[in-house]
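Asks: Please work out how this folds:
(one chain, ligands or ions: 1)
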Amino acid sequence: MTQLPLRAQLASALGRSAATLSRMTGRGDGSVIGGRVGLLLEPDLLRKLARDRKLALVSATNGKTTTTRLITSALLELGEVATNAFGANMPAGHVSALSQHKRAPYGVLEVDEKYLPEVLDTTGAGVVCLMNLSRDQMDRAAEIWLLAQKWRRALSGKPTHVIANCDDPLVTWGASTAAKVTWVAGGQRWKEDSWCCPECGGPLDRKDADWACRECTFHRPEPQWVVDDDAAIDPRGQRWLLDIQLPGQANRSNAVMALAVAEAFGMPVEQALPRLREVTSVAGRYTTVERDGRHARLLLAKNPAGWLEAFDVADPQLPIILSVNAQGPDGRDTSWLWDVDYRILRGRPVFVTGQRRLDLALRLDVAEVPFTLCESFNEALAMQPPGRVDVIANYTAFQQIRSEFGRAV
Ligand SMILES: [Zn+2]
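Replies: Numbering: from 1, shown residues only. The predicted model follows:
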């Protein structure tokens, strides 16, 4: 790999020292502050750090951290990989990830949906993986449509190879200006944001997995890869039992997206799949923490689609603790709780905690789901009989539980 120009080398080194300092003083993992310092000194740092590498960008409303991790795990088979494993998914985080692995020939970067056009322009990434687009907290359908339109503009006229989920009409529309697209039938659990054709606004007709606009020619493309329950069907029609350790249908879909990305990097399924099976937990998600004989499995749900995925993973035989906060990263408005159908929880012991437990309690009451209100997560955990319990928490609630249990990985 060619040497970075002196100024970029300095900016990158100073950024790394800032990150170390930030970690030592206990101000977080330092990946954002380091990148910010670097970018301040050399605004073109990301472009310079990205040069001469084979990069994949991963974006979606849900599952991007997990899919980034799965792709990274696969590509490690080929060589060193730079990645933003802690979900710092804006340019400062990307600078930090790439400076920490200066010689890595590969990079897998999780990218915030809104930053995808900018990061694609800057890095010139060869591969982009797009999984789903739905409302996040207070976003509304019009906003995610605008986002998809920006993806279209950014992908148009570039040689980028896109791996996209064709079961999500908005993602399909967002990806379809790309020069090369590999379509994956990855499924779509949350359909509330895609009843209208993104091209003309007409109604979308759905039949099983298939969809098509009633008023224009926009329709579901023919997939090359298919997620078939617990297996992947590859473009040659061969069926592969996934057998991954991460739970739930959403993760099986993430795994098939990762296989398709790995193939874009020249890796056959038989080489990539064993690497995906090694991933057990991603940034604390799906980890089990233990206290006094209570084993709590942590599930993160940041938005309505995320709640549906967590319900799919949660064990219906177990009690469940729900924790909702409304701090900065969560969004202060909790009205999105009304978009989620909680009736699936009827019949199991439900415990409600978090700063906004009253908002959630009201929502459950209207859905006629009996629950117990708890002052804190610890109180909720102490009320459980020894054994297993599932926990679904939104972003800051999840991080609080994690830090209390020593940042379980
Ligand atoms: Zn249409």
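Asks: going forward, measure contacts between C-alpha atoms and count neighbours the same way
Replies: Will do.
Asks: got the residues of the chain near the ion?
Replies: Residues of the chain lying close to the ion (Cα under 5 Å from the ion) are 197, 199-200, 202, 213, 216.
Asks: Got a quick ChimeraX command for the buried subset of those?
Replies: Typed into ChimeraX, the next command selects the buried ones out of these (criterion: 16 or more other Cα atoms under 10 Å):
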select :197,199,202,213
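Asks: With secondary structure and pLDDT added, can I get the residues of the chain next to the ion in TSV?
Replies: What follows is the residues of the chain next to the ion, written out as TSV (DSSP: H, G, I helix; E, B strand; the rest coil; pLDDT from 0 to 100):
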residue	secondary structure	pLDDT
197	coil	94
199	coil	95
200	coil	95
202	coil	94
213	strand	96
216	coil	97
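Asks: Please enumerate the strands of the stretch 301-409 of the chain.
Replies: 320-323, 350-353, 372-373, 387-393 (DSSP state E, counting those that start in this stretch).
Asks: mind listing what the closest residue to residue 302 other than its chain neighbours touches?
Replies: In this structure, residue 302 finds its nearest non-sequential neighbour in residue 394, 4.8 Å apart by Cα to Cα, 6 or more residues apart in numbering. By Cα atoms under 8 Å, 6 or more residues apart in numbering, the contact list for residue 394 reads 300-303, 323-325, 330.
Asks: of all the residues you listed, which two lie farthest apart?
Replies: Greatest spacing in these, by Cα to Cα: 303 and 323 (13.1 Å).
Asks: And those two? Which one has more around it.
Replies: residue 323 (28 against 23; other Cα atoms under 10 Å).
Asks: Output the below-cut-off pLDDT ranges for this structure.
Replies: Counting by pLDDT under 70, the chain has low-confidence residues at 1-2, 18, 20-31, 137-141, 406-409.
Asks: Okay, helices next: where are they in it?
Replies: Along the chain, the segments classed as helices by DSSP state H run 6-24, 31-41, 45-50, 64-75, 91-100, 116-123, 141-155, 169-175, 249-264, 269-276, 304-313, 357-366, 377-382, 395-404.
Asks: okay if I get these as TSV plus mean neighbour count?
Replies: Listed next are these as TSV, based on neighbours: other Cα atoms under 10 Å:
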stretch	mean neighbour count
helix 6-24	19
helix 31-41	24
helix 45-50	22
helix 64-75	26
helix 91-100	26
helix 116-123	19
helix 141-155	19
helix 169-175	27
helix 249-264	24
helix 269-276	19
helix 304-313	21
helix 357-366	17
helix 377-382	17
helix 395-404	18
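Asks: Redo these as JSON lines? Include distance to residue 107.
Replies: JSON lines is the format used below for the helices of the chain (distance: least, Cα to Cα, whole Å):
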{"stretch": "helix 6-24", "distance to residue 107": "16"}
{"stretch": "helix 31-41", "distance to residue 107": "16"}
{"stretch": "helix 45-50", "distance to residue 107": "8"}
{"stretch": "helix 64-75", "distance to residue 107": "8"}
{"stretch": "helix 91-100", "distance to residue 107": "7"}
{"stretch": "helix 116-123", "distance to residue 107": "11"}
{"stretch": "helix 141-155", "distance to residue 107": "19"}
{"stretch": "helix 169-175", "distance to residue 107": "21"}
{"stretch": "helix 249-264", "distance to residue 107": "12"}
{"stretch": "helix 269-276", "distance to residue 107": "16"}
{"stretch": "helix 304-313", "distance to residue 107": "26"}
{"stretch": "helix 357-366", "distance to residue 107": "40"}
{"stretch": "helix 377-382", "distance to residue 107": "37"}
{"stretch": "helix 395-404", "distance to residue 107": "26"}
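Asks: Of the ones you listed, which is nearest residue 296?
Replies: Judged by Cα to Cα, the one of these that comes nearest to residue 296 is helix 377-382, at 8.1 Å.
Asks: Does residue 190 touch residue 339 like I think?
Replies: No. Using Cα atoms under 8 Å as the test, residue 190 is too far from residue 339 to be in contact (10.6 Å).
Asks: Touching both of these two, which residues are there?
Replies: Counting by Cα under 8 Å, 6+ apart, the residues touching both residue 190 and residue 339 are residue 304.
Asks: which residues does the residue in the stretch 1-150 of the chain that the ion sits nearest to contact?
Replies: When distances are taken as Cα to the ion, the stretch 1-150 of the chain reaches nearest to the ion at residue 145, 13.6 Å away. Contacts of residue 145 were listed using Cα under 8 Å, 6+ apart, and they are 170, 198.
Asks: Distance check, it against residue 345.
Replies: Distance of residue 145 to residue 345, given as Cα to Cα, to the nearest Å: 32 Å.
Asks: same check, this time on residue 374
Replies: In this view, residue 374 and residue 345 are 17 Å apart by Cα to Cα.
Asks: Excluding chain neighbours, what is closest to whichever residue of the stretch 301-409 of the chain sits closest to the ion?
Replies: The ion sits closest to residue 305 of the stretch 301-409 of the chain, with a gap of 24.1 Å, by Cα to the ion. Excluding its sequence neighbours, the residue lying closest to residue 305 (Cα to Cα, 6+ apart) is residue 190, at 5.4 Å.
Asks: likewise residue 81?
Replies: residue 106 (4.7 Å).
Asks: burial measure for that neighbour, as a count.
Replies: Other residues near residue 106 number 24, with proximity taken as other Cα under 10 Å.
Asks: What residues does it make contact with?
Replies: 53-55, 75, 79-82.
Asks: buried residues in stretch 325-335?
Replies: Buried-residue list, stretch 325-335, by 16+ other Cα under 10 Å: 325-326, 330, 334.
Asks: Turn the residues you listed into a markdown table, including distance to residue 227.
Replies: Shown next, in a markdown table, are the buried residues of stretch 325-335 (distance: Cα to Cα, whole Å):
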| residue | distance to residue 227 |
| --- | --- |
| 325 | 34 |
| 326 | 35 |
| 330 | 31 |
| 334 | 33 |
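Asks: Which of those sits closest to residue 59?
Replies: The nearest member of the buried residues of stretch 325-335 to residue 59, counting by Cα to Cα, is residue 330 at 18.7 Å.
Asks: All set now, cheers.
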